[in-house]
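Peer 1: Got a sequence here, can you model it:
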Amino acid sequence: GNLKAPNKMALIYLGEDQLYRSLVLPNPKEAVVYLKMASDQWDDPESQVKLGLIYSEGRENFPVNLNLAIQWFQKATLNDDPRAMYLLANIFLNQNRVGEGLKLLERSSDAGYRQASYKLGTVYWNGDGVSKDPIKARDFFSKAKKMGMNVTAPTEEEIDKAIVELTRESENKYQNFLKMRIRPRRKSEPLENIFVLSLVVFAATIVTGLYAWSKKR
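Peer 2: Just a heads-up that it's a prediction; the model follows:
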């Protein structure tokens, strides 16, 4: 069989083929049959992405079914389709599956999908499910711009201000930790608090180092 044939038929029945639009009435159910044929028989990522969009957004009057959408996007992701990675990542982020979502966004960004780079920038800038990281945000916004995307991003001044504020916040936590170290520990105070504050000290050191490094670049 010809891989393009079922894709072509799917486009015709979706009403997306200009040549046949006036000749064939749209038939979304028939289109889905051909999309599944292309996916199941030829493992075609383009068809898998279309199916994922149909079920994730309720296109063509199909009910939204995120489980099916995830399955189709995952199939396309196995075929290294960067758009599928991006779309699947958005579903995972909305489901608070942040780790999985970020990994997919990074893979998509590495594959050259500029929307994924921009999304990573906004995630780290806003702290959506992660700690705010203006340095990473700046890098991903810059990457999206270099890929040709016209993005709305924070200015360098805003990014520098955010880095300073983050550094100051970490330093304040460090000073509070030092104050706690010099006072006797109450019997009721759990040792876990000391461990947590030790992590804060470590984080403050890292943030300060990153800020200094970013200014040298």
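
Peer 1: low-confidence ranges in the chain?
Peer 2: 1-4, 174, 181-217 (pLDDT under 70).

Peer 1: tell me the contacts of the residue nearest to the spatial centre of it?
Peer 2: The residue lying closest to the centre of the chain (CA atoms, centre = their mean) is residue 105, at 4.0 Å. Residue 105 sits next to 85, 86, 89, 116, 119, 120, 123 when contact means CB atoms under 8 Å, 6 or more residues apart in numbering. C-beta coordinates here come from the backbone N, C-alpha and C atoms, glycine included.

Peer 1: Could you double-check that the second one sits in contact with residue 112?
Peer 2: No - using CB atoms under 8 Å, residue 86 is not in contact with residue 112; the gap is 11.2 Å.

Peer 1: So which of these two has more stuff around it?
Peer 2: residue 86 (25 against 11; other CB atoms under 10 Å).

Peer 1: What is the subsequent helix or strand relative to the helix or strand encompassing that one?
Peer 2: Applying DSSP states H and E as the criterion places residue 86 in helix 82-94. Downstream of helix 82-94, the next assigned helix or strand under DSSP H and E is helix 98-110.

Peer 1: Buried ones in that next one, by neighbour count?
Peer 2: 101, 102, 104, 105, 106, 107, 108, 109 (16 or more other CB atoms under 10 Å).

Peer 1: just stretch 107-123 next, same as before
Peer 2: 107-109, 113-123.

Peer 1: for these, which one is nearest residue 162?
Peer 2: Comparing the buried residues of stretch 107-123 against residue 162 with CB to CB places residue 121 closest, at 12.6 Å.
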